[in-house]
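> Let me see the structure of the following:
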Amino acid sequence: MTSLQKTFCPLLFKTHIQTFFRQRSAILLTLFFTASTAQASHSSLAKNAGISHKSMNAIIKKVVKHESTSGSYTTKNKNSGAYGRYQIMPKTAKAYAKKLNIPYSQWKKAGNQDKIFEAIMRDNILSLKRNKIKISAFSLYGTHQQGASGFKAIIKNKKLSKRLEKNLRQNLPKKYKHISKANLKKTWMKYWRKKMS
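Predicted coordinates:
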């Protein structure tokens, strides 16, 4: 090894180390600010819902657990086409991306999924309040799973559309798939109330 190489190698090593730590610091800062923004949003949701911040965080954890299990932002449901941490349908993502000025091609980015989910939750809270339905883990998850109008139809005991009937059956375990239409709403509510308790 030449004297030039002996001098250059430690400098190169030092440069690599500095670059490594700068990159890691940038990643950690991004995660910190993303988490801080999410926490602030959850606090806003809790206030709108009239529940504690702790309760809202617990509800969101349950929603994530039942939607994507692992909480991965890349989870895809091959049957429905729902995508991401909160299993958002592409049609819903398109509408909310437009509403939030997010390019549709970028809606799958983790931070954008969080923003869309927060906006969906805000609208669902407003819907529950407007329809005088108690805000709880069950009702917030129910509106996320079946949509605000679908959940309202279930709770207000409206006649099930074919689409809503199909959705309810899809969101029940196999043993309930062929339950009679007359008992479907009751079974779905009992099952998900228990799951979200």
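
> any idea how far Tyr176 is from the residue positioned nearest the centre of the chain?
The C-alpha lying nearest the average C-alpha coordinate of the chain belongs to Tyr86 (Cα atoms, centre = their mean; 2.6 Å). Distance of Tyr86 to Tyr176, computed by Cβ to Cβ, to the nearest Å: 24 Å. Just so you know, the C-beta spots here come from the backbone N, C-alpha and C atoms, and that holds for glycine as well.

> Could you do Arg193 as well?
14 Å.

> Chain neighbours aside, what residue packs nearest to Leu140?
Distance criterion Cβ to Cβ, 6 or more residues apart in numbering; nearest residue to Leu140, sequence neighbours excluded, is Ile59 at 5.6 Å.

> how about that neighbour, what does it touch?
137, 140-141, 196 (Cβ atoms under 8 Å, 6 or more residues apart in numbering).

> now do Lys174
Lys174 touches nothing, counting by Cβ under 8 Å, 6+ apart.

> Quick check: phi and psi on it?
Backbone geometry at Lys174, expressed as degrees, to the nearest 10, gives phi -50, psi -40.

> okay, it: pLDDT?
We have a pLDDT of 92 for Lys174.

> follow-up on the earlier one: which residues are in contact with the residue nearest to the centre of the chain?
Tyr86 neighbours (Cβ under 8 Å, 6+ apart): 63-64, 67-68, 113, 116-117, 120, 144.

> Helices of the protein, residue ranges please.
Along the chain, counting by DSSP state H, helices occupy 3-49, 53-67, 90-99, 110-130, 137-146, 148-155, 162-170, 181-195.

> one step back: which one of the contacts of Tyr86 is nearest to Glu165?
The nearest member of the contacts of Tyr86 to Glu165, counting by Cβ to Cβ, is His144 at 18.8 Å.

> Just the pLDDT for the nearest residue to that closest one once chain neighbours are set aside.
Spatially, and ignoring its direct neighbours in sequence, His144 is nearest to Val63 (6.0 Å; Cβ to Cβ, 6+ apart). pLDDT, Val63: 93.

> ok, now the one 10 residues further on?
Confidence at Tyr73, expressed as pLDDT, is 96.

> try Lys76
93.

> how many other residues sit next to it?
Using other Cβ atoms under 10 Å, the number of residues around Lys76 comes to 14.

> Next: Phe138.
Around Phe138 there are 20 other residues, counting by other Cβ under 10 Å.

> need the contact list for Ser43.
The neighbours of Ser43, taking Cβ under 8 Å, 6+ apart as the test, are 53, 56.

> so how far is Ser52 from it?
According to Cβ to Cβ, Ser43 stands 10 Å off from Ser52.

> Please determine how far the nearest residue to Tyr104 once chain neighbours are set aside is located from Val63.
Closest residue to Tyr104 apart from its sequence neighbours, by Cβ to Cβ, 6+ apart: Ala97 at 4.8 Å. Distance of Ala97 to Val63, given as Cβ to Cβ: 20 Å.

> Right, I'll call it a day here.
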